[in-house]
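Enquirer: Pasting the sequence and the predicted model now:
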Amino acid sequence: MELRRTELMPGVWLSYLHSDKFKTACMSLSLLTQLSRETAAMNALIPYVLRRGTTRYGDMEALSQRLDELYGTAIEPVVRRIGEIQCLGFYLSLPEAEFLPGSEDVLRPAAALLGEMLLSPATRGGLLLPQYVDSERDKLLDIIRSRVNDKRGYSLFRCIEEMCCCEDFAVGRLGGEEECRAIHYQKLTRQYRSLLQTCPIEIFYCGRAEEKQVISALKDALVTLPRGQIDDGIGTEIRMNALEEQPRLVEEELDVTQGKLVIGFRLGECMEEPDLASLYVFNAVYGSGTTSKLFMNVREKLSLCYYASSLVDVHKGLLLVSSGIEFSKFDAARAEIFAQLEAMRAGEITDEELTAARSGVASDLRSLTDSQGELEGYYLSQALDGAGCSPTELAELVENVTRGQVVEIARSVECDLIYFLKGGGEKEEEDEEDGE
Amino acid sequence: MESKTYPRIGETLFSARLPNGLQLRVVPKAGFSSYYAVFATNYGGAHRRFTLEGRTVDTPAGVAHFLEHKMFDLPSGDNALNLLSANGADPNAFTSSGVTCYYFQCTEKFEENLRMLLHFVSTPYFTPETVRKEQGIIGQEIRMGEDDPGSAIYYNLLGLLYEHHPIRDRVAGTVESIAQISAQTLYDCHKAFYAPSNMCLVVEGDVDPERIYQIAREELPQEEAEPPRADFGPPEGPLPLSPLRKEAMAVSAPQFYIGAKIPVAEGPGALRQHLTAQLALRMLAGRSSAFYARLYAQGLLNRDFDYEADFSAGTGTVILGGESNEPEQVLEELKKEVERIGREGLDPRRLELAKRSSLGARLRGLEDFDNVCISLAMGLFEGYCSFDAAELLESIQAADCEAFIREVLAPERLAISILTPAV
């Protein structure tokens, strides 16, 4: 499988990957824009409003029936945050003609429908319909508010929000509640038109169709796309150090029976020239998967938690450790999470740990080539980084990561903030002195 | 092994039953880097009372799930999860009310990993100390489940629908029930339910099916044991025990599940019933249904609204739910829609669209190895082959779906479980 990149129109790039492995093809279209508090909620709302109806298929029922006709082709709004770039658009999954009665081709009509959704939404007087905007805004508000339902995700979100309080990254992919509530259909229409003109656009296709068929279907579907001055200056600001000398501590109370401890770190100077392979292996040794130090020690050996795992954001330069604990185990769990990092800094990484981490990450990368959804995410992220490395190539780099490279990253990271979600109404008399 | 091709979905399936009673299925996939294997037992949270060799055994809630956690311990002191991970595999397991599945995905050393999977699941090793330690870990997991709104609303619904079937109870049990589990309980249940005759192995990837057969013969016990018979109690009536339960929790907006019991068809009729239920629900409440579009536009339903017909441990349950500011209004609208379909019937054009869309969804489902393997495993325990679905789908008539909607979703059969935001 080899990725081919073509500029279809000014600032509109197609990443084409031919594959005969799958029963369905996948296509995605993303508008790329700088994440900012002012516009994030508006931008996030746009694909959802566009998904409500087009000039030809005026409401969801008509649109959904059209998708049923195309053998359950799915076109779903997608809003992502990759570093400080907000990516908004649609993800399509379409059955391959070979498995449909009469080998009916759905690529061309599906691309046409995507184009209609993006460029010819249902409007009145040139404005997005207020009833669609209002109803999607209320639903988006519900989603933003419902973050609190999933305590594990919520505690991660809150840790980032507090840690990156001076950065746009804190906004989250969907924007803030207040900005969302203020959305009005006239202003939203202006924002929509401006995005169409200025955003770089990334399109991804993976499936059985020939490249020229895909290009032709997309060019026809996007023929009315207005292109103005393309905003090429978007990017992510990476903060290398913690905000304060000592890690900040933020505690929050909610009606929960299990506490959530999240520790946020800056990846530090290793982000000056980030080496993806080493970062992934570092993360696997420390806290990702069942051979990691956090799992083996904090969970298995000391039974301090139900789960403890780490993740790295290689775009923004963050390391986050997330765990579920009993309230009373806060000090012990925190101390052990830091102790495991200290051990890595001191070079205490066994051959088994290193080998398991490398083979785990390499295996994940290789198996990624068996899933179109993951290929799509991988290549979008690569396109934003300007990197040109296939998952298989990256897997080979991962297999050659040394202990020294992992230790170097462990030494580079710096704790910025500790977030603890605990039960409400419980009086806990603990002093918060012992830092690390 | 016997092979059968399914040209409609572009797959070939190899099948065999080993002399020890194990059902084996292999789906070869040339060109893929991943391998997937699931080793499953027809034993879940609901199998609490059973007959074995003429003797009735009662066990506390949560044993199947507890056993799943403890199976990873090996007599050598190693943990199978770590051994598989160290070998580059991504192993895991889950327990539902009907089954326990152990599985892994990997890109290398597949045969080694497969041997390890078969070996550890067939090697019980428990001590009072490890059982005690696990009681702490699972106790935490149970508490976390109690905080989880999705889980609370689900079990509240089952509690409304089912009078005594053990599916009502949490798969993981309670802190009190798991306190009654001893190493001996685990040995007894392993002996009863983990005999190859009560299990199946499903493999997908770029493999030689005969090699898999050989490995399974080498690694597993040779003798065929009589599988235990589960006793889920007397049959449940069609009506719910009670129609409504509300509970306050830390959620941002009210959430609801509407449910009804399905009188279950057994054997080869099961797949047809599953497909009929799915098509009927798609036409009643799917994305392109008049019902969903109307309620969505009115702000009564969200995008997270979903529906399913869930068949497990001899039960069938329809569940429709999501977030809504007025769950009871949604229930009223649903009742009206069921009544309208009962009166006017279903539009044949809608049935054609539902079938097209369902075919597309099936093709999509075939992309996931775990979905393919676990569906095949579930089918084996229920007496059908999930690869037959694409073909069988075409034979389902509007009248079948109408009857399903009219009977199963009749107003008196519905119950609703609601979570409201705690103030």
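Expert: Noted; the coordinates are in hand. Numbers count the residues shown, from 1 in each chain, chains lettered A, B, ... in the order given.

Enquirer: Residue in the stretch 301-436 of chain A with the shortest distance to chain B?
Expert: A:Ser359 (3.6 Å; C-beta to the nearest C-beta). (Each C-beta comes from the backbone N, C-alpha and C, glycine too.)

Enquirer: That residue sits in which helix or strand?
Expert: Using DSSP states H and E, A:Ser359 maps to helix A:351-368.

Enquirer: Leaving out sequence neighbours, find the closest residue to A:Ala209.
Expert: In this structure, A:Ala209 finds its nearest non-sequential neighbour in A:Leu107, 5.2 Å apart by C-beta to C-beta, 6 or more residues apart in numbering or on different chains.

Enquirer: Just confirm the one you found contacts A:Leu94, I think it does.
Expert: Yes: between A:Leu107 and A:Leu94 there is a contact under C-beta atoms under 8 Å: 6.5 Å.

Enquirer: Verify the assumption that A:Ala217 is located in a helix.
Expert: Yes: assigned with DSSP: H, G, I helix; E, B strand; the rest coil, A:Ala217 falls within a helix.

Enquirer: Which pLDDT value goes with it?
Expert: If you check A:Ala217, the pLDDT there is 98.

Enquirer: contacting residues for it?
Expert: A:Ala217 is in contact with A:107-108, A:111-112, counting by C-beta atoms under 8 Å, 6 or more residues apart in numbering or on different chains.

Enquirer: A:Leu107 and A:Leu94: who's more crowded?
Expert: Set A:Leu107 next to A:Leu94 and count neighbours by other C-beta atoms under 10 Å in any protein chain shown: A:Leu94 wins out with 29 against 24.

Enquirer: Go ahead and list the helix or strand containing the more buried one.
Expert: Applying DSSP H and E, one finds A:Leu94 within strand A:85-95.

Enquirer: same check, this time on A:Gly235
Expert: Here A:Gly235 is assigned to no helix or strand, by DSSP H and E.

Enquirer: B:Ile178 versus that one, what's the distance?
Expert: Distance, A:Gly235 to B:Ile178, using C-beta to C-beta, to the nearest Å: 52 Å.

Enquirer: Could you see whether chain B lies near the helix or strand that contains A:Asp331?
Expert: For A:Asp331, the element it lies in under DSSP H and E is helix A:330-345. No: taking C-beta under 8 Å from any C-beta of the partner chain as the criterion, helix A:330-345 and chain B are apart, separated by no less than 12.1 Å.

Enquirer: contacts for that helix?
Expert: A:259, A:261, A:263, A:282, A:285-287, A:293-294, A:297-298, A:302, A:304-305, A:308, A:321, A:323, A:325, A:349, A:406-407, A:410-411, A:413, A:415, A:418, A:420, A:422, A:430, A:434, A:436.

Enquirer: what about A:Leu231, which SS state?
Expert: One correction, residue A:231 is Asp, not Leu. coil.

Enquirer: Buried residues, the helix or strand in which B:Ala16 is found. List them.
Expert: B:Ala16 is part of strand B:11-17 when elements are defined by DSSP H and E. Neighbour-count burial for strand B:11-17, counted by 16 or more other C-beta atoms under 10 Å in any protein chain shown, picks out B:11, B:13-17.

Enquirer: Using JSON lines, lay out those together with distance to A:Leu32.
Expert: Putting the buried residues of strand B:11-17 into JSON lines (distance: C-beta to C-beta, whole Å) gives the following:
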{"residue": "B:Glu11", "distance to A:Leu32": "38"}
{"residue": "B:Leu13", "distance to A:Leu32": "43"}
{"residue": "B:Phe14", "distance to A:Leu32": "46"}
{"residue": "B:Ser15", "distance to A:Leu32": "49"}
{"residue": "B:Ala16", "distance to A:Leu32": "52"}
{"residue": "B:Arg17", "distance to A:Leu32": "55"}
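
Enquirer: hang on, the earlier thing: just the buried members of the contacts of A:Ala217?
Expert: For the contacts of A:Ala217, a neighbour count by 16+ other C-beta under 10 Å gives the buried set as A:107-108, A:111.

Enquirer: Can you name the element that comes right after the helix holding A:Ser359?
Expert: The helix or strand immediately downstream of helix A:351-368 is helix A:372-385, counting by DSSP H and E.

Enquirer: Report the buried residues of that next one.
Expert: For helix A:372-385, the neighbour count (16+ other C-beta under 10 Å) marks A:372, A:375-385 as buried.

Enquirer: how about the residues of the stretch 251-400 of chain A near chain B?
Expert: A:254-258, A:289-291, A:296, A:299-300, A:303, A:305-306, A:324, A:326, A:352, A:355-356, A:359-360, A:362-364, A:366-367, A:369-372.

Enquirer: Might you report the residue contacts of the residue in chain A that chain B sits nearest to?
Expert: Using C-beta to the nearest C-beta, A:Gly72 is the residue of chain A that sits closest to chain B, at 2.6 Å. With contact set as C-beta under 8 Å, 6+ apart, A:Gly72 has these partners: A:95, B:356-361, B:364.

Enquirer: same question, A:Leu3
Expert: Contact analysis of A:Leu3 by C-beta under 8 Å, 6+ apart lists A:15-17, A:379, A:388, A:390.

Enquirer: okay if I get these as TSV plus distance to B:Asn371, pLDDT and secondary structure?
Expert: TSV is the format used below for the contacts of A:Leu3 (distance: C-beta to C-beta, whole Å; pLDDT from 0 to 100; DSSP: H, G, I helix; E, B strand; the rest coil):
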residue	distance to B:Asn371	pLDDT	secondary structure
A:Ser15	26	96	strand
A:Tyr16	27	97	strand
A:Leu17	22	96	strand
A:Tyr379	23	95	helix
A:Gly388	32	76	coil
A:Ser390	26	93	coil
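
Enquirer: Give me the neighbour count for the closest residue to A:Leu243 other than its chain neighbours.
Expert: Leaving aside its sequence neighbours, A:Leu243 sits nearest to A:Asp416 (C-beta to C-beta, 6+ apart; 6.1 Å). Residues near A:Asp416, counting by other C-beta under 10 Å, number 22.

Enquirer: Quick check: A:Asp416 vs A:Gly115, distance?
Expert: Taking C-beta to C-beta, one finds A:Asp416 at 44 Å from A:Gly115.
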